[in-house]
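*Asks:* fold the stuff below for me.
(chains A and B)
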Amino acid sequence: MTVSVQLHPELRKWVEERLSRYPTRRSLLVPTLMQAQKYHDYASPGLMQAVAALLDVPESEVMSVASFYTLIAKHPVGRHIVQVCHNVSCYLRGCDEVIAQLEERLGCKVGETTEDGKFTLITVECLAACGSAPVMMVDEKLYENVTPEQIDRILAEAD
Amino acid sequence: MTELTKVVMRLDGVADAHRLDVYEANGGYSALRKALGEMKPQEVIDEVKASGLRGKGGAGFPAGLKWSFVPQDHPGPKYLACNADEGEPGTFKDRWIIENNPHEMIEGCIICAYAVGLSHIYVYCRGEFYEGKRKIEQAAKEAYAKGYLGENILGSGFSTHLTVHTGAGSYECGEETALLTSMEGGRGHPKIKPPFPASEGAWRKPTVINNVETLATVPAVITQGAQWHAGMGTEKSKGVKMVCVSGHVERPGIYEVEFGVPASGIINDLAGGVWKGRQLKGYFPGGSSTPVLPAEKADVLYDYESIAEAGSMLGSGALIAFDNETDVVRMAEVITRFYAWESCGKCTPCREGTRWMLQIYERILNGGGRMDDLELLLSICNNLEFKSFCPFGDAAVGVVRSTINLYRDEYEEYIREHKVYRRRFVPVKH
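*Replies:* Alright, predicted model coming up:
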């Protein structure tokens, strides 16, 4: 059973302000699901149902679209998302050691959330900052030329 | 000695170049004034055509020609999609433009919109570019306030608008038709061509799609003229390219050069050569989608034709160098995993083929490879290439085929000796 969700008024306002810029309501689907995560924990079935109603898109299609994009969390995640690149340029400059260090310091594996619910650790594809590889992001902040020694300091910066 | 030729990067090092006042103080928006004030739309298209400017997102298609494909007499709205979904592994030039010089891109967008008669510009920006999206939004706000965007721009009677549209984490959405599908609110699936976007694109309206770097080059072409631009580079690859150098070099970074300089000059003169005093083993000339070239081919000239002749592609201009201590099999697995996980799943050869290749790589790295796995991989490559709606599948086979051909002995060593790659972490798809 889906638990219904009331969309945050700020999110509704954000959508209303942008509708006139597109020929169809549906065009705002991906941006809305991205923006929703600022106000809601994750794209829960209830949230997707509410977005479907708001944008006049069938619920099943909202779920289909949400499932396609990696930045739309379909399951509960930690308060901070740690994204670390595991693609070629970062691999060549030591991302494997950075990822191993992250797993050790967070006490969870790639794809998992820490026990205190603070961090979710995921590996991602190229973040388009290969000139300063290896790179990682904590929420919206990019960290460049990361070494395993810097991990404690980077994690401490998150609230 | 290979030298830089800064065109799009002309404001590199200028403080606060992302601000409108700084951009204007350095000649910003004079190209737009010139285009609107002195040139008819068709003259702008002709100028860009004559300049030889080619698309810098990967395909290298002539920009002016693409613009001319849009039907002038089409009733109703036409659109520009500025492709800021930079995701090709090894590429990070668009991020630089967006974060450091967003007005150059916006000015190019407005000039293109004027030339082709486009009523709305959508900048499709990859989801992870949080800072970049803020920078473009802010720059667009400044441009609206100054009358460079909106109704009746600079009193010319021409109107166009700009909207930043966010992606949400998908490599495939950088492919032009998948980008449009995503913008329309769908999964990032490509569409069959024809119809090409120029006749039937976003919301089935004529749409121009250009890469950030391409559009950011347009103001300089208008200001300095087609002849100036055509005088740089080679006969067929005219102009300049922001080359992103990453991997095992001393000074990774973006180096804007004229087409036709030697790749070795970019690696050695500009990027400081191979790191740690080691030797170059090989390099991807244009991103992970382009076949690897061996060190012996480092002297190839960096232009579309020369690199094609050497057996690879210039792609998005992402030169990834790797040294003689690199485990090529593991490197190929990293890239194959990327393609397997990012395949959008629409076309069977790509969806299945990339996954099969990944499974074989995992088998080899886990010590269970078979000698005929190499022929199997090559056979899958043949069944994957040119078999799908978009070029994703073609891109996925480049690294596999080229590394088996160039470094077969390393694959055979893994298989013969049941060598096991010691993983530091287990990748998980999410």
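*Asks:* got the contact list for residue B:258?
*Replies:* The contact partners of residue B:258, taken as Cβ atoms under 8 Å, 6 or more residues apart in numbering or on different chains, are B:5, B:232, B:233, B:239, B:240, B:241. Just so you know, the C-beta spots here come from the backbone N, C-alpha and C atoms, and that holds for glycine as well.
*Asks:* narrow those residues to those in strands?
*Replies:* Filtering the contacts of residue B:258 for membership in strands, criterion DSSP state E, returns B:240, B:241.
*Asks:* would TSV of the contacts of residue B:258 with neighbour count and pLDDT be doable?
*Replies:* Listed next are the contacts of residue B:258 as TSV, based on neighbours: other Cβ atoms under 10 Å in any protein chain shown; pLDDT from 0 to 100:
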residue	neighbour count	pLDDT
B:5	17	97
B:232	18	98
B:233	23	97
B:239	24	98
B:240	24	98
B:241	31	98
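*Asks:* list just the nearest of the contacts of residue B:258 to chain A.
*Replies:* Checking the contacts of residue B:258 against chain A by Cβ to the nearest Cβ gives residue B:241 as the nearest, at 15.2 Å.
*Asks:* check contacts around the closest one.
*Replies:* Applying Cβ under 8 Å, 6+ apart, the residues near residue B:241 are B:56, B:256, B:257, B:258, B:259, B:302, B:314, B:317.
*Asks:* pLDDT at the first one, what is it?
*Replies:* Here the pLDDT value assigned to residue B:56 is 96.
*Asks:* any idea how far the residue lying closest to it once chain neighbours are set aside lies from chain A?
*Replies:* Nearest residue to residue B:56, sequence neighbours excluded (Cβ to Cβ, 6 or more residues apart in numbering or on different chains): residue B:213, at 4.1 Å. Distance of residue B:213 to chain A, given as Cβ to the nearest Cβ, to the nearest Å: 13 Å.
*Asks:* does residue B:213 count as helix, strand or coil?
*Replies:* For residue B:213, the assignment made with DSSP: H, G, I helix; E, B strand; the rest coil gives helix.
*Asks:* break chain B into its domains for me.
*Replies:* B:20-230, B:240-323, B:328-416 (automatic domain parsing).
*Asks:* does chain A have contacts with the last one?
*Replies:* If I follow you right, that is domain B:328-416. Yes: shown here: domain B:328-416 in contact with chain A (Cβ under 8 Å from any Cβ of the partner chain) through B:330, B:331, B:334, B:335, B:338, B:341, B:342, B:344.
*Asks:* what pLDDT does the model give the residue most central in space within chain A?
*Replies:* By Cα atoms, centre = their mean, chain A has its centre lying nearest to residue A:71, at 3.9 Å. Looking at residue A:71, its pLDDT reads 95.
*Asks:* wait, doesn't the residue nearest to residue B:56 sit right on residue B:93?
*Replies:* Yes: counting by Cβ atoms under 8 Å, residue B:93 is a contact partner of residue B:213 at 5.7 Å.
*Asks:* overlap in contacts of the two?
*Replies:* Common contact partners of residue B:213 and residue B:93 (Cβ under 8 Å, 6+ apart): residue B:242.
*Asks:* ok, the two, which is more surrounded?
*Replies:* Each of residue B:213 and residue B:93 has its neighbours counted (other Cβ atoms under 10 Å in any protein chain shown); residue B:213 has more, 30 against 27.
*Asks:* any idea how far the more buried one lies from residue B:132?
*Replies:* 14 Å (Cβ to Cβ, to the nearest Å).
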